[in-house]
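Q: Okay, here's the prediction I keep looking at, along with the sequence it came from:
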Amino acid sequence: MRVRQLPRTPLANLPTPILPLERLSRRFGVEIFVKRDDLTGLLESGNKVRKLEFLVGEALSQGADTLITCGTLQSNCCRAVAAVAARLGLRAILALKGDKPASYDGNLLLGKLLGADVVYCTPEEFARIDGVFARLSEAVRERGGRPYVIPESGATELGAVGYLECAHEIAGQWRHGAPAFDTLVITAFSGGSQAGLLMGRQLAGLSAEVVGVPIAHPAAQVRDYVGATIARAAERFGLAVEPPKAVHLLDGYQGKGRGASRKEELDTLIQLAREEGILLDPVYTGKAFLGFLDHLARDPREFGSRVCFLHTGGIFSLFPFRESLSRLLDGDPLVES
């Protein structure tokens with residue numbers, strides 16, 4: 001099936017704007033821009049909703065009435081799935097890694113407000129998430145429902161099509177007067193969004209390099225996933241694309257892993273908030289932007305003379321970090337565990 005024939009449910013506010021970061025540009029002597037995919041919506045904000053347009057489109061085409069997905073307690077994708085389900089009159093079931101907290105916060109609070117059913121998983125259970133999905137799906141079928149499973153982070157070749165379309169969007173904005181970039185920089189968790197951009201780059205005729213910043217998994221794992229996703233998408237959707245000879249990643253910014261942040265990552269998001277009025281999150285974009293700035297500081301021309309950072313959202317992940325951020329904002333030292 002061709003991409004244009006794929007079932008798609010409009011969910012995001014598109015196109016998202018491309019804005020200059022003027023003070024950062026002056027500091028480094030290159031033109032730095034941000035594509036505000038954090039503005040794809042409010043509760044449905046970030047890169048996940050681009051993926052969900054196609055994943056939920058397929059779910060609805062199959063007659064599904066229940067969306068099942070998984071993630072950490074503060075998963076942006078799980079919150080987005082809960083929001084989309086409520087918007088479309090579907091049921092959402094979230095399998096979350098961790099214990100039930102004494103009180104709800106951030107994305108988990110929003111997911112509960114939106115009516116999602118939450119199943120808390122031990123690390124051992126989460127390591128065998130396919131079994132959890134199977135049990136939850138069977139329970140839905142037993143009550144007469146029709147489940148649709150969305151893997152963690154929407155990381156499938158179908159989900160990656162969302163960022164293939166984003167590349168076409170960027171090309172369209174360029175044709176209507178937006179800058180032509182030498183490099184696009186994006187956060188890389190699984191690598192699905194980067195895979196989509198790389199496919200779209202080929203199909204839309206973009207010359208910009210696509211650089212990912214792994215924030216959780218080892219670079220080798222992300223690199224393998226990007227190549228495998230492109231190969232699967234090419235076969236499944238009949239795309240005239242090939243995995244790149246090299247997947248460009250800025251390695252070394254995983255920090256303490258997903259769900260935790262170090263002082264330098266929090267300092268980065270405070271700096272951008274005050275310098276450009278843009279909020280990052282501590283789990284994903286804060287780490288990626290730290291890597292981006294670190295490389296600019298070493299060589300301002302590493303990404304060419306004009307570079308765009310794709311802001312993939314996650315603002316609600318700020319709130320569980322209120323204590324650490326409060327200490328930094330008050331000038332107190334942050335003692336990391």
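A: Yep, it's here.
Q: Please count neighbours and contacts with C-alpha atoms only from this point.
A: OK.
Q: Next, the buried residues of stretch 114-121.
A: Applying a neighbour-count criterion of 16 or more other CA atoms under 10 Å, one finds 114-116, 118-121 buried in stretch 114-121.
Q: no, scratch that, I was asking about stretch 48-63
A: 48-60.
Q: related to what we said a few turns ago, just the ones in helices from the buried residues of stretch 114-121, please.
A: When DSSP state H is applied, these are split such that none fall in helices.
Q: coming back round to it: tell me which of the buried residues of stretch 48-63 is nearest to residue 216?
A: Taking CA to CA as the measure, residue 48 is the one of those closest to residue 216, at 16.7 Å.
Q: Can you say which helix or strand has the closest one in it?
A: Here residue 48 sits within helix 47-61, counting by DSSP states H and E.
Q: for that helix, packing partners?
A: With contacts defined as 3 or more CA pairs under 8 Å, 6 or more residues apart in numbering; DSSP states H and E, the secondary structure elements packing on helix 47-61 are helix 76-88, helix 157-175.
Q: By neighbour count, which bits of the first one are buried? Give me those.
A: I take that to be helix 76-88. Within helix 76-88, the residues that qualify as buried are 76-86, counting by 16+ other CA under 10 Å.
Q: Distance from the chain centre to the helix holding residue 48, please.
A: Distance of helix 47-61 from its chain centroid, counting by CA atoms, centre = their mean, to the nearest Å, is 14 Å.
Q: Also stretch 95-102?
A: Centroid separation for stretch 95-102 versus its chain: 21 Å, with CA atoms, centre = their mean.
Q: For it, output the C-alpha coordinates as CSV.
A: The C-alpha coordinates for stretch 95-102 follow below in CSV (Å, rounded to 0.1, in the frame of the first residue of the first chain):
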residue,chain,number,x,y,z
ALA,A,95,0.8,-0.5,30.7
LEU,A,96,3.3,1.6,32.7
LYS,A,97,6.7,0.6,34.2
GLY,A,98,6.8,1.3,37.9
ASP,A,99,4.7,1.3,41.0
LYS,A,100,1.5,3.3,41.6
PRO,A,101,2.7,6.6,43.1
ALA,A,102,1.1,8.1,46.2
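Q: Identify the residues contacting it?
A: Contacts to stretch 95-102, defined as CA atoms under 8 Å, 6 or more residues apart in numbering, come from residues 68-73, 118-123, 126, 132.
Q: Serialize those to TSV and add fields for distance to residue 278 and pLDDT.
A: Converted to TSV, the contacts of stretch 95-102 look like this (distance: CA to CA, whole Å; pLDDT from 0 to 100):
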residue	distance to residue 278	pLDDT
68	32	98
69	29	98
70	28	98
71	26	96
72	25	94
73	24	95
118	31	98
119	33	98
120	33	98
121	34	98
122	35	97
123	34	96
126	34	97
132	38	98
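Q: Buried subset of these, written for ChimeraX?
A: To isolate in ChimeraX the members of these that are buried, counting by 16+ other CA under 10 Å, one can use:
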select :68,69,70,71,72,73,118,119,120,121,126,132
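Q: farthest pair in the contacts of stretch 95-102?
A: Farthest apart among those by CA to CA are 68 and 123. That separation is 18.2 Å.
Q: show me where the stretch 1-150 of the chain has strands.
A: 18-20, 31-36, 66-72, 91-97, 117-121, 147-149 (DSSP state E, counting those that start in this stretch).
Q: nope, the stretch 201-337 of the chain is what I was after
A: With DSSP E, counting those that start in this stretch as the criterion, the stretch 201-337 of the chain has strands at 209-214, 248-249, 306-311.
Q: need those in CSV with distance to residue 325, can you?
A: As requested, the strands of the stretch 201-337 of the chain are arranged in CSV below (distance: least, CA to CA, whole Å):
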stretch, distance to residue 325
strand 209-214, 23
strand 248-249, 28
strand 306-311, 20
